[in-house]
Structures are given as C-alpha cells and as structure tokens.
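> Here's a sequence, model it:
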Amino acid sequence: MKIILLAVLLLSPIAAWATAPEDAYVAARDRYLAEFKRTVDTKAVEARNNRETLAKKALERRLRAIIGPFAMKGFPAAGKINLDTLFSEDEGFGMLDGLVYGETESARSVVVTTDGLLDKWLRGHGEWWEKDNPSANAPAAVKSESFYTQAVSTDSAVVHLGEIPLPPLAGARFAHATLSARTQDASPSAPDMMFVAVSRGGRVFIVNEKLATPFRPIAACDAIVKDYAKKADAAYEADRAAGDRDPKSPDPSEKLRADGDAAFRQCFGEKMKAEASFKAAVNQARAIVEALPAK
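Sure, this is the predicted structure:
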C-alpha cells in the first residue's frame with residue numbers, strides 16, 4: 001500500500017504540470033470570450049477589434065509553448081492561431097484551439113494541437129449545434145463532417161464523399177483520412193480535397209490538402225441526384241397546389257433533396273474505388289502520414 005501511495009504522490013505532480021498549461025490557456029481564452037460577449041453592442045468598434053488582436057496574440061503565445069515546434073516540408077515555418085475570431089457573433093467562431101500552418105481553406109494547411117486541447121474542445125462542443133455535433137470521443141469525432149466544419153472551416157460546411165484507407169500507425173491514438181469538399185449547399189459532384197487526421201506522441205495533426213489527381217463526376221451517382229431532384233420538384237408543386245399547409249409542418253421536398261444527397265454520397269463512396277484517382281488519393285494520404293512528425 002505504501003508503495004502505491006508513493007507512486008501516486010510521485011506521478012500526480014507530473015500529471016498536474018502536464019495539464020496545467022492547457023487548463024490555463026482554456027481559462028484565459030474563456031475570459032477573453034466573456035469580455036467580448038459583454039462588449040458586443042459597443043460603439044467603440046475599432047478599440048474592440050484592437051483588443052481582440054492583442055488577445056489572439058496572447059493566446060497564440062500560450063499555444064506555442066504548449067504545442068511546441070512544428071516543421072514539415074511544404075508548410076510555412078511559422079504558424080498562427082487557428083481561432084478565426086473571438087467574437088461569438090461572427091462566422092468562424094469556436095474553431096479548434098491550435099496553430100495553423102498555411103491558410104485555412106487553401107490548397108494546403110495543417111492545424112497542430114494536443115490530445116488534451118482536442119479533448120477539452122470536443123467537450124465544449126457537445127451542444128454547439130442543436131444536433132449532429134462531433135462525438136466527445138476523439139477517434140470517433142475525426143470521422144465526422146461536423147468536426148471539420150466546426151474545427152477548421154470558417155464559413156462553409158465540410159462533406160465527406162468517402163474514406164481513404166490508411167495502414168495501422170504504430171503509437172497513434174487515431175489515423176483517419178477522407179475525401180471531402182466544402183459547400184454552402186448540397187454535395188458537389190466530386191471531392192476536391194482530403195483531410196488527414198493523426199494523433200501521435202501527444203500531438204494532433206489535421207491536414208487539409210487539395211487532391212493532386214482530381215476525381216471526375218460519376219454518372220451513375222449524378223443520376224441519383226437528378227432523380228431525387230425531380231421527385232422533390234414534384235412534391236413541392238403538389239404541396240403548393242394543395243394549399244393551406246401548416247407552415248410549421250416539414251416541407252416534403254426538402255426531405256427528398258436531403259435523401260438524394262445522402263444517396264449520392266453513398267453511391268460515390270462505393271464506386272470511387274474503381275476510379276484511377278482513388279489510388280492516387282490513397283498514395284497522397286499515406287505520403288502525408290509518413291511526412292508528419294513522429295511526435
């Protein structure tokens with residue numbers, strides 16, 4: 001018993017030291033968020049903007065100390081804070097706490113954070129939206145569209161059109177890759193980028209890269225979308241002709257369009273593996289993983 005107690009006493013200060021900087025960062029971030037929420041209606045707009053700039057710089061310094069140095073070929077040597085805004089009324093509010101190397105939503109970028117910061121962020125986003133929030137379990141969260149939309153996208157939704165298989169990665173908490181796209185509406189006819197998410201050595205890397213070999217639209221999948229669109233148009237016209245519809249009742253045409261979008265993505269995810277671009281995407285994703293720092 002004495003040996004166990006001694007071990008606990010020896011380990012506890014180390015564990016506390018490891019989490020203390022992350023906790024201090026989150027506390028500082030939340031103080032700034034509360035401050036800017038109180039001043040949302042201020043007329044001193046320029047002063048508020050300047051204050052936000054200083055706050056982001058202070059948080060960035062904390063993140064650099066927590067996350068440590070990062071270097072990877074093809075990415076800028078100096079990163080910046082991934083938080084797009086500290087104003088809760090702005091689009092892009094609530095992004096993942098970390099450092100981004102490269103411009104978000106550009107041809108290539110990577111967000112670097114820690115397991116601890118990611119876990120804290122996920123707990124804070126459990127009720128970010130009314131529904132469809134990312135799981136609090138990180139390995140599950142990085143497979144979801146909502147995670148990328150909330151964590152690394154400023155003003156558009158992320159949709160996945162299929163997974164990219166990765167070989168087992170020694171020592172990794174998770175390693176996951178997807179063929180994806182950003183959109184303001186329905187899914188595009190083909191993905192134009194990939195996300196590769198890896199947790200290893202206590203750090204997390206979220207890589208967003210444009211596809212080196214573009215995918216072509218798949219005719220059979222596009223036909224599904226067109227078929228559902230015709231059904232949705234017919235349902236809309238029938239609903240309008242009926243008249244006196246309760247405005248609170250769901251629009252049948254919207255559900256049909258959503259169903260069509262889901263069916264399209266399922267179709268693409270199945271048929272994309274026969275495309276030559278798929279092999280190129282697999283090689284590209286694996287090259288990204290191999291180039292990431294080991295810790």
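
> Outline the domain layout of the protein.
2-214+283-291, 219-274 (automatic domain parsing).

> Let me know which of these is tucked in deepest.
Among these, domain 2-214+283-291 has the highest mean neighbour count (mean count of other CB atoms under 10 Å), at a mean of 16. Where you see a C-beta, it was placed from the backbone N, CA and C, and this is true even at glycine.

> rank the domains of the chain by pLDDT, which is bottom?
Ranked by mean pLDDT, those bottom out at domain 219-274, with a mean of 88.

> Touching the helix or strand harbouring residue 206 from outside, list them.
Assigned by DSSP states H and E, residue 206 belongs to strand 203-210. Residues outside strand 203-210 that contact it (CB atoms under 8 Å, 6 or more residues apart in numbering) are 67-68, 96, 98, 104-105, 107-115, 117-118, 138, 142, 148, 151-152, 192-199, 284, 288, 292-293, 295.

> May I ask you to confirm that residue 213 is in contact with residue 277?
Yes - between residue 213 and residue 277 there is a contact at 4.8 Å, judged by CB atoms under 8 Å.

> Can you work out which residues contact both of those two?
Contacts common to residue 213 and residue 277, judged by CB under 8 Å, 6+ apart, are absent.

> Quick check: residue 173 is in a strand.
Yes - Residue 173: assigned to a strand according to DSSP: H, G, I helix; E, B strand; the rest coil.

> any idea where the helices of this protein begin and end?
2-38, 45-67, 115-124, 138-141, 145-152, 219-242, 252-271, 276-291 (DSSP state H).

> Among those, which comes closest to residue 89?
Relative to residue 89, the nearest member of the helices of the chain by CB to CB is helix 2-38, separated by 8.6 Å.

> how distant is stretch 96-104 from the center of its chain?
11 Å (CA atoms, centre = their mean, to the nearest Å).

> Span of it from start to end?
End-to-end distance for stretch 96-104: 12 Å, by CA to CA, to the nearest Å.

> how much space between the nearest residue to residue 99 once chain neighbours are set aside and residue 289?
On the basis of CB to CB, 6 or more residues apart in numbering, the spatially nearest residue to residue 99 that is not a chain neighbour turns out to be residue 79, at 3.8 Å. With distances taken as CB to CB, to the nearest Å, residue 79 is found 19 Å from residue 289.

> now do residue 194
Relative to residue 289, and taking CB to CB, residue 194 is found at 11 Å.

> Next, show the common contact partners of the two.
With CB under 8 Å, 6+ apart as the test, residue 194 and residue 289 both reach residue 177.

> For the helices of the chain, give me a markdown table that also has distance to residue 203.
As requested, the helices of the chain are exported to a markdown table (distance: least, CB to CB, whole Å):
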| stretch | distance to residue 203 |
| --- | --- |
| helix 2-38 | 12 |
| helix 45-67 | 7 |
| helix 115-124 | 7 |
| helix 138-141 | 12 |
| helix 145-152 | 15 |
| helix 219-242 | 37 |
| helix 252-271 | 29 |
| helix 276-291 | 14 |
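
> From residue 199, how far off is residue 292?
Applying CB to CB to residue 292 and residue 199 gives a distance of 10 Å.

> wait, residue 60
Distance, residue 60 to residue 199, by CB to CB: 22 Å.

> do residue 159 as well
23 Å.

> so who does residue 98 touch?
Contacts of residue 98 (CB under 8 Å, 6+ apart): 63, 67, 81-82, 111-114, 117, 204, 206.

> can we see that at 7 Å?
With contact taken as CB atoms under 7 Å, 6 or more residues apart in numbering, residue 98 is in contact with 63, 67, 82, 111-113, 117.

> which of these lies closest to residue 43?
Nearest member of the contacts of residue 98 to residue 43, counting by CB to CB, is residue 82, at 29.8 Å.

> wait, that closest one sits on residue 100?
Yes - contact criterion CB atoms under 7 Å: residue 82 and residue 100 qualify, at 4.3 Å.

> Report the set of residues contacting both of those two.
With CB under 7 Å, 6+ apart as the test, residue 82 and residue 100 both reach residue 111.

> hmm, back to that, I'd like the contacts of residue 98 as CSV, with distance to residue 175 appended.
Output for the contacts of residue 98, formatted as CSV (distance: CB to CB, whole Å):
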residue, distance to residue 175
63, 23
67, 19
82, 20
111, 16
112, 15
113, 16
117, 19
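
> which of those lies closest to residue 188?
residue 111 (22.8 Å).

> Many thanks, I have nothing further to ask.
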